[in-house]
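Peer 1: fold the following, please.
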Amino acid sequence: MRLELGGHVVELIHPGLNHSDDATVMYFPAERAVFATEFLADALVTTNIKSLPSACGPFDGSPLSEWLKSYRTVESLDFDILAAGHGTGLFKKADVAMTREFFEDLIAAVSAGMKQGKSLEEMEKTILLEKYKDWAQYDRLRVYNIRSAYQNLKTYR
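Peer 2: A predicted model of the protein is given here:
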């Protein structure tokens, strides 16, 4: 939906299912800015978007393919600044790509483990996601993200 208020345009975009079934993104084309809550920067993000997601019980019951669709939808917009519903910083388009890449890497690793017939316990020990070891919440949430992705991928094959 496109709204014009006092000569300013805002576009409301439904990016797909993710943290909720209606995480509407607000896009301000003239200002080259996006406002989006929850899925782009979850509650654990502070000033740096590099934080493993909380994975809210296997990714809030939305297929991981929908999460990726949501990220790609936002990435397709022409913007410079992202104001997220969590965190105190303003983020950039590259930050959206970086968090999408985390999801892609997680999905690829867990999918490969499932295809190889590995147990969840085996994947928890062997999928290290080392590219993200410097991200906030890595030690606390790496295994939980693997479990959540495993459950999500089993549910939404």
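
Peer 1: just the pLDDT for Thr47.
Peer 2: The model reports Thr47 with a pLDDT of 86.

Peer 1: quick one: contacts for the closest residue to Glu31 other than its chain neighbours?
Peer 2: When the adjacent residues along the chain are set aside, Glu31 lies closest to Ile81, with 7.7 Å between them (Cβ to Cβ, 6 or more residues apart in numbering). No exception for glycine: its C-beta is placed from N, CA and C like everyone else's. When contacts are counted by Cβ atoms under 8 Å, 6 or more residues apart in numbering, Ile81 is found next to 31-34, 90-92.

Peer 1: for the residues you listed, which one is nearest Asp139?
Peer 2: The shortest gap between Asp139 and any of the contacts of Ile81 belongs to Phe91, at 23.2 Å (Cβ to Cβ).

Peer 1: packing partners for the helix or strand of the chain with the lowest mean pLDDT?
Peer 2: Across the helices and strands of the chain, the lowest-confidence element by mean pLDDT, DSSP states H and E is helix 56-59, at a mean of 88. With contacts taken as 3 or more Cβ pairs under 8 Å, 6 or more residues apart in numbering; DSSP states H and E, helix 56-59 sits against helix 138-155.
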